[in-house]
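Novice: Sequence and predicted structure below; questions after.
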Amino acid sequence: MKKIKILILLPIIFLFLFSSCKKDNVAPDPSAGVTPAMARDSLYNIMKDVYLWYDMPEAKSVTTANKDNYKDPYELLEAMRYKKLDRWSRILDYDKFMADLQGTFVGHGFRIGIDQDNKARIVLIYNKSNLYANGVRRGWIVKKINNTDPVPALLNGTYSTLIGPSTAGITNIFVFTKPDGTDVTISTTKSTFTMNTVLLYDTLHLSSGITGQLVFESFYNPAPEELATAFAFFKANNIKDLILDLRYNPGGDLNIAQTLASYIAGNSRKGTTFAKLLHNDKYQSYNVTIPFNTTANPVTITKLVVITSRSTASASEDVINGLKPLIDVVSIGDTTDGKPTGMYSWYIGKKYAMLPVTFKVVNSLNQGDFFGGIIPAKLISDDITHDFDDRKEKCLEEAIHYLETGSFSTKGETMFKRYPQFSEKPEWRNNAFILKK
């Protein structure tokens with residue numbers, strides 16, 4: 001059982017409920033008959049058995065009490081959650097969860113934030129967004145949304161009210177200020193689309209040699225194909241070093257994290273340990289080692305500079321932690337989220353997706369437990385006033401300086417500050433998953 005592949009490590013408890021009534025030639029609805037109480041009972045069995053912190057006071061107090069005191073799985077999860085560390089266990093709508101896993105969501109296809117001059121700007125934009133098709137790029141100022149300055153809404157938490165719910169068909173009117181100082185008005189409608197996970201890949205010709213630059217946004221589809229394209233380009237261009245920008249990457253499928261780490265580590269590392277998944281004391285036999293794999297286009301790099309932020313989480317952190325024993329890894333930017341754990345998915349009929357934390361992740365040296373986040377070697381504020389490939393962008397500028405000189409610059413040491421940002425993506429994506437096939 002120890003040497004199984006990570007996609008074959010199946011959940012221990014499943015509950016598939018079908019309606020007892022069915023019509024001729026009509027498949028039963030897996031959601032029919034599923035009640036909140038049934039889902040609660042399933043979660044109860046999961047939490048007291050495979051939850052990573054099943055033996056902490058919160059979980060133990062509920063298992064010795066009456067689970068019927070809680071009307072649904074949401075209430076029960078909050079009662080059993082180990083609140084000191086667990087910020088990630090989730091219960092989600094099954095259909096929405098499945099759609100999200102394919103990299104789809106409803107919105108305009110961007111992330112918005114506030115810069116140091118208190119101006120709202122586009123932080124990132126997906127290439128299938130209608131706004132992208134209209135020329136909008138990272139760094140553009142968002143002057144008005146529906147004739148309203150969006151900055152107060154971003155600061156006071158009412159931005160969602162200004163922009164409207166995540167519903168296809170909602171139209172908003174934007175006034176952007178372009179880098180040349182001119183304004184443009186664009187009316188655009190929210191829709192369901194598939195995001196691109198690789199926001200940029202290119203090479204930088206530095207005095208230290210040819211360096212790859214990869215801005216990678218999440219470990220979900222269509223990441224495998226996009227990473228394959230990027231690393232084929234890097235290999236063809238014989239990159240010497242790599243700048244890996246994970247500042248907006250909240251994690252995702254650990255299989256994709258394994259693939260990305262394998263590209264970077266190179267095929268000579270095949271079979272050596274990328275990460276280990278460690279379970280609670282009841283399921284030590286489920287502990288598994290995830291190796292580096294052979295890839296079609298591995299690279300051979302001397303240094304890896306990773307750009308991080310508080311939005312860098314889970315699978316992203318696992319890539320950093322997993323490569324550190326093998327490669328000279330230096331991170332710059334902000335401290336990461338701090339999630340050295342992951343979960344499996346349980347499906348209750350086709351109504352609930354349950355994702356309690358069920359394992360922690362360590363590297364080949366058994367290093368992990370970075371619940372306080374991975375602290376960068378150099379703090380640099382997220383510079384949303386420039387696009388990712390602009391050498392004036394502060395994080396990229398610092399990464400280049402380090403690669404070319406072997407040291408950090410002295411400017412900006414006392415100017416670090418975080419600024420509010422709003423993402424259209426679901427919050428639950430701040431996780432690492434083992435997904436069942």
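Specialist: On my side now, so go ahead.

Novice: how does the protein divide up, domain by domain?
Specialist: According to automatic domain parsing, the chain comprises the domains 105-194, 198-341+359-414.

Novice: Out of the ones you listed, which is closest to residue 56?
Specialist: Minimum separation from residue 56 across the domains of the chain (C-beta to C-beta) falls at domain 198-341+359-414, 10.3 Å. For the C-beta atoms, the positions are set from N, CA and C on the backbone; glycine is no exception.

Novice: Tell me the gap between the closest one and the middle of its chain.
Specialist: 13 Å (C-alpha atoms, centre = their mean, to the nearest Å).

Novice: Next: stretch 46-56.
Specialist: The chain centroid and the centroid of stretch 46-56 are separated by 24 Å under C-alpha atoms, centre = their mean.

Novice: Please convert the domains of the chain to JSON lines, extending it with mean pLDDT.
Specialist: As requested, the domains of the chain are exported to JSON lines (pLDDT from 0 to 100):
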{"stretch": "domain 105-194", "mean pLDDT": "95"}
{"stretch": "domain 198-341+359-414", "mean pLDDT": "95"}
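
Novice: Go through those domains and pick out the most buried.
Specialist: Among the domains of the chain, domain 198-341+359-414 has the highest mean neighbour count (mean count of other C-beta atoms under 10 Å), at a mean of 20.

Novice: CA-only coordinates of stretch 112-125 in PDB, if you can.
Specialist: C-alpha atoms of stretch 112-125 as PDB (Å, rounded to 0.1, in the frame of the first residue of the first chain):
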ATOM      1  CA  ILE A 112      -7.700  43.800  -9.300                       C
ATOM      2  CA  GLY A 113      -5.700  45.600  -6.700                       C
ATOM      3  CA  ILE A 114      -4.600  48.900  -5.200                       C
ATOM      4  CA  ASP A 115      -1.100  50.300  -5.800                       C
ATOM      5  CA  GLN A 116       1.000  52.500  -3.500                       C
ATOM      6  CA  ASP A 117      -0.600  55.600  -5.000                       C
ATOM      7  CA  ASN A 118      -4.000  54.400  -4.000                       C
ATOM      8  CA  LYS A 119      -5.100  53.700  -7.600                       C
ATOM      9  CA  ALA A 120      -6.900  50.500  -8.700                       C
ATOM     10  CA  ARG A 121      -5.100  48.500 -11.300                       C
ATOM     11  CA  ILE A 122      -5.300  45.300 -13.100                       C
ATOM     12  CA  VAL A 123      -3.100  42.700 -11.300                       C
ATOM     13  CA  LEU A 124      -3.500  39.900 -13.800                       C
ATOM     14  CA  ILE A 125      -5.800  39.100 -16.700                       C
END
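
Novice: Relative to residue 88, which of the domains of the chain is closest?
Specialist: Proximity to residue 88 (C-beta to C-beta) singles out domain 198-341+359-414 among those, at 6.2 Å.

Novice: which helices and strands sit right next to the helix ranked longest in the chain?
Specialist: Longest among the helix segments of the chain by residue count, using DSSP state H, is helix 223-236. Under the contact criterion of 3 or more C-beta pairs under 8 Å, 6 or more residues apart in numbering; DSSP states H and E, helix 223-236 touches strand 198-206, strand 209-216, helix 254-265.

Novice: so which of those gets nearest residue 395?
Specialist: strand 209-216 (10.5 Å).

Novice: The closest one pairs with which strands?
Specialist: When pairing is defined by DSSP bridges, strand 209-216 lines up against strand 198-206 (antiparallel), strand 241-245 (parallel).

Novice: Could you save those as TSV and add columns showing distance to residue 159?
Specialist: Converted to TSV, the strands paired with strand 209-216 look like this (distance: least, C-beta to C-beta, whole Å):
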stretch	distance to residue 159
strand 198-206	22
strand 241-245	25
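
Novice: so what's the closest residue in space to residue 364 that isn't next to it in sequence bridging to?
Specialist: Leaving out its chain neighbours, the residue that sits closest to residue 364 by C-beta to C-beta, 6 or more residues apart in numbering is residue 273, at 3.8 Å. Following DSSP bridges, residue 273 is listed with bridge partners residue 291.

Novice: So residue 273 sits against residue 288, correct?
Specialist: No - assessed by C-beta atoms under 8 Å, residue 273 is found out of contact with residue 288, at 10.7 Å.

Novice: follow-up on the earlier one: return the angle between stretch directions for the longest helix of the chain and helix 254-265.
Specialist: 0 degrees (axes from the mean of the first three to the mean of the last three C-alpha atoms, to 10 degrees).

Novice: neighbouring contacts of helix 223-236?
Specialist: 103, 196-198, 201, 203, 212, 214, 216, 242, 252-253, 256, 259-260, 263, 295-299 (C-beta atoms under 8 Å, 6 or more residues apart in numbering).

Novice: same thing but 10 Å
Specialist: 103, 196-203, 210-217, 219, 239, 242, 252-253, 255-257, 259-260, 262-264, 295-301 (C-beta atoms under 10 Å, 6 or more residues apart in numbering).

Novice: And residue 131, how far from residue 164?
Specialist: As for residue 131, its distance to residue 164 is 15 Å (criterion: C-beta to C-beta, to the nearest Å).

Novice: meant to ask about residue 410
Specialist: 45 Å.

Novice: just to revisit the earlier point, right, and the residue nearest to residue 364 touches residue 367 too?
Specialist: No - using C-beta atoms under 10 Å as the test, residue 273 is too far from residue 367 to be in contact (11.4 Å).
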